[in-house]
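*Asks:* predicted model and sequence below, questions to follow.
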Amino acid sequence: MTRRVEWSNDAADDFDQAIEYIARDSERNALLVSSRIFEAIDLLAETPTGRHGRVAGTYEKFVRHTPYIVSYRVTDRAILIARIIHGSRDWPEGEWPAE
């Protein structure tokens, strides 16, 4: 069963900021990272596999060949993308990374 994908405003902002930052140095790399994030999310819609997240009720999926982590929630019908976070961010258990 393929679930629909819904993005939180925070996740959309995280994604936009990450891609804009990467694009300052390389448009090519920004497109590559963007593609890999979308690929990881598409796979989650098919089979939501990931580890239990640091924030209650979430799961985390590492994005292949990038430093990014997709944090998400699962319902019967949807994958809810909560955040897109760089793995080097300060991310304490139970909280979202500090801005």
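*Replies:* Alright, I've got the coordinates.
*Asks:* and the residue most central in space within the chain, which of the three is it?
*Replies:* Centrality entry for the chain: nearest residue to the mean C-alpha point is Val70, 2.2 Å, by CA atoms, centre = their mean. State at Val70, reduced to three classes by DSSP: H, G, I helix; E, B strand; the rest coil: strand.
*Asks:* buried sites along stretch 57-73?
*Replies:* For stretch 57-73, the neighbour count (16 or more other CB atoms under 10 Å) marks Thr58, Tyr59, Glu60, Lys61, Val63, Thr66, Tyr68, Ile69, Val70, Ser71, Tyr72, Arg73 as buried. C-betas here are computed from N, CA, C, even on glycine.
*Asks:* farthest pair within those residues?
*Replies:* Greatest spatial distance in the buried residues of stretch 57-73: Thr66 and Arg73, 21.2 Å, computed using CB to CB.
*Asks:* chain neighbours aside, what residue packs nearest to Asp14?
*Replies:* Nearest residue to Asp14 in three dimensions, chain neighbours excluded: Ile84, at 4.1 Å (CB to CB, 6 or more residues apart in numbering).
*Asks:* tell me if that neighbour really is in a strand.
*Replies:* Yes. Counting by three-state DSSP, Ile84 is found in a strand.
*Asks:* no further queries at this time; thank you.
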